[in-house]
Each structure stands twice: as structure tokens, then as C-alpha cells.
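# Have a look at this prediction, sequence included:
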Amino acid sequence: VQAAALGRWPFSHRYCATAIDRLKADGAKVIAFDVIFPQAELALPDDVRTRLTAILQSLAPDSGPAKDLRAVLDAPGPDDAMAQSMKNAGNVVIGFALDDGDAEVRGGAAPPFVEDWAYGKINPRPDGSNDVGPHEIGVLPPVDQLGEAARAGGFVNVQKDIDTAPRSETLARQFDGETY
């Protein structure tokens, strides 16, 4: 698929929902997104929703236009569609980022679904150490609705050399006593 055919970037989560549905129908064993979905995609901008709600209140409740407008306002949003497709597929892996202190957008505490994606606690070595990767200071998770619908998740951090070229990758990172 040519990216231009999908419209603006980031393209709508509705496209992701359609891709998930098609991949699952074609027999995909695992469907993985190596991107982060940190913000909800609104079906309607808040100012448009507010204006349409005001218009709806001025209409007779049982009129055709009022019913049509109510259907538009109550229609599932792009995140609803993507989350439902993820749940139906049951095999979608989604990305999140771990903040090592130099992120443009700072991470925070891990929501429960991200904690479920951790490898777990690493038992200390005989010398008392258990460093298996860098220690991160926060998590930039996907929006809750998508994170909760995912089968699993993985960090999508890219380790860059001094010239910003990615040549190696850290396979494990630590945050809040957990290893990812």
C-alpha cells in the first residue's frame, strides 16, 4: 500500500482496524505495530462536537435530522474501531516507549497493561547486580483503550550511534524494578 493513498500521517486508526481485520482473515498468526499510539484519535474535534450537540438540542427530539445527528454523535470513534479489531483478532502486539531521560515527550508511570508486558523481575546475580539493560525513568504507553485491547506489547526505542544511525539494539531495558 502506498502511504500517500492512506492520507495524512498519522493516518486514521480506522485504517489500522481495517488492516488488522484483513490480516486476521488472511490467517496472520501475529500482527505487530512498531509504532506508538500515545494519543486518542477523536472522531470529532471537541469544538465540532460541542456545536453539533447545541444544534441537536434545538431540534425536535424525534425529527429525522435529530436522529441523524444523534447517530453521528454516537458513532464509534477510530480508537473504538481499532480496539475492537484488536480484541477480535486476539493476536495484536503494540508498541510503547521507555524514557531514558532524553525523550522529547517525558514518560510517566506504567499503566497496569504495560506492567503485564514485562519479562518480570530478574533475580540478582551472586554479586548482587541484576543490570541487564539501561535503567529508564518513565514509560510512554499507548492510549489505555488500545493498550488494554492488545495481546502484548514491546518497547520500540531505537538506540542510535553518535551519527544518529541505528546499528545495534538493546534487547532488554529496566524500569521500576521490571525488565522489558
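It's in.
# give me every residue that touches residue 21.
When contacts are counted by CB atoms under 8 Å, 6 or more residues apart in numbering, residue 21 touches 85, 88-89. All C-beta spots, glycine's among them, are computed from the backbone N, C-alpha and C.
# Next one: it, what pLDDT does it get?
On pLDDT, residue 21 comes in at 97.
# Show me the contacts of residue 21 that map onto helices.
Using DSSP state H, the subset of the contacts of residue 21 located in helices is 85, 88-89.
# Give the buried subset of these as a ChimeraX selection command.
Only the buried entries of those go into this ChimeraX selection, using 16 or more other CB atoms under 10 Å:
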select :85,89
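# Looking at the ones in helices among the contacts of residue 21, which is nearest residue 27?
residue 89 (11.2 Å; CB to CB).
# Pull the contacting residues for the closest one.
So residue 89 contacts 20-21, 23-24, 28, 31 (CB under 8 Å, 6+ apart).
# For the closest residue to residue 172 other than its chain neighbours, grab the count of nearby residues.
Leaving out its chain neighbours, the residue that sits closest to residue 172 by CB to CB, 6 or more residues apart in numbering is residue 133, at 3.9 Å. Neighbours of residue 133 under the rule other CB atoms under 10 Å: 16.
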